[in-house]
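> With the sequence up front, the predicted model follows.
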Amino acid sequence: KAGVTQTPRYLIKTRGQQVTLSCSPISGHRSVSWYQQTPGQGLQFLFEYFSETQRNKGNFPGRFSGRQFSNSRSEMNVSTLELGDSALYLCASSSGLTSGGIYNEQFFGPGTRLTVL
Amino acid sequence: DQQVKQNSPSLSVQEGRISILNCDYTNSMFDYFLWYKKYPAEGPTFLISISSIKDKNEDGRFTVFLNKSAKHLSLHIVPSQPGDSAVYFCAAKEDSNYQLIWGAGTKLIIKP
């Protein structure tokens, strides 16, 4: 099985611009989660999509939005970029289903490194 | 308010010795805990997990211990190898909630 792919891998933008990041999950996986990673802060959960619906949302401002398509591919959009948005954005794919309390692990892509100047 | 804390930003261990990475949590509703490993320029990869109904889980050189009364878990790597040098993240989830809560990570350096 092909792994999780994210495009682009690197991106440089200026303040005020907007950006769209893309994530293609593992074939058959219906859940896609997005995370922001900054040094010393671990992974901060942005949101999770399952079957084209946002199922969970973290504590990020409305400038951060996402969507999921019928083929499970997901996009994340950040509008009006700020310097503090510079981070590694990670996408994780999972079957998204729990059975008898079993957690299905998330598989991560390599991330998109966003730099805001 | 950080619900999952990894208080050591980095840890240096001699090759062949035991590495012990620690994680503390505050939410008593967490029912499942995971450890992920991350190399530079790659996404995190799943390492080992433990359910709250257990106090120990082993997988080869990796063992995770859970002390619910202390709200503490630890990852033991024995023996440590150079390829274990990476950032290790502890993560936890609440019952019936799919979202993972992550620690800040601990950078493990294995010295030859």
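Cool, the structure landed. From a predicted model like this one, the values you see are computed outputs, not experimental measurements. Residues are numbered from 1 along each chain as shown, chains lettered A, B, ... in the order given.
> Every contact and neighbour count from this point should use C-alpha atoms.
Noted.
> centroid residue for chain A?
Nearest residue to the geometric centre of chain A (CA atoms, centre = their mean): A:Trp34, 2.5 Å.
> Chain neighbours aside, what residue packs nearest to that one?
In space, and not counting its chain neighbours, A:Trp34 is closest to A:Cys91: 4.6 Å by CA to CA, 6 or more residues apart in numbering or on different chains.
> Could you give the number of residues near that neighbour?
For A:Cys91, the count of nearby residues is 32 (other CA atoms under 10 Å in any protein chain shown).
> Next up, the contacts around it.
A:Val4, A:Gln6, A:Cys23, A:Val32, A:Ser33, A:Trp34, A:Tyr35, A:Phe108, A:Gly109, A:Gly111 (CA atoms under 8 Å, 6 or more residues apart in numbering or on different chains).
> After the lowest-mean-pLDDT helix or strand in chain B, which helix or strand is next?
Every helix and strand of chain B was ranked by mean pLDDT, DSSP states H and E. The lowest is strand B:100-102, at a mean of 89. Tracing the chain C-terminally past strand B:100-102 and defining elements by DSSP states H and E, one meets strand B:106-111 next.
> How far away from the center of its chain is that next one?
Computed by CA atoms, centre = their mean, to the nearest Å, the chain-centroid distance of strand B:106-111 equals 13 Å.
> The strand or helix carrying the residue nearest to the centre of chain A - contacts with which helices or strands?
Using DSSP H and E, A:Trp34 sits within strand A:31-38. Contacts defined by 3 or more CA pairs under 8 Å, 6 or more residues apart in numbering or on different chains; DSSP states H and E place strand A:31-38 against strand A:42-50, strand A:87-94.
> The shortest one pairs with which strands, and in what direction?
Okay, so that is strand A:87-94. Here strand A:87-94 is paired, per DSSP bridges, with strand A:31-38 (antiparallel), strand A:107-108 (antiparallel), strand A:112-116 (antiparallel).
> Pipe those strands into a markdown table and attach mean pLDDT per row.
Below are those laid out as a markdown table (pLDDT from 0 to 100):
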| stretch | mean pLDDT |
| --- | --- |
| strand A:31-38 | 93 |
| strand A:107-108 | 93 |
| strand A:112-116 | 96 |
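> Among these, which comes closest to B:Cys90?
B:Cys90 lies closest, by CA to CA, to one member of these: strand A:31-38, at 13.9 Å.
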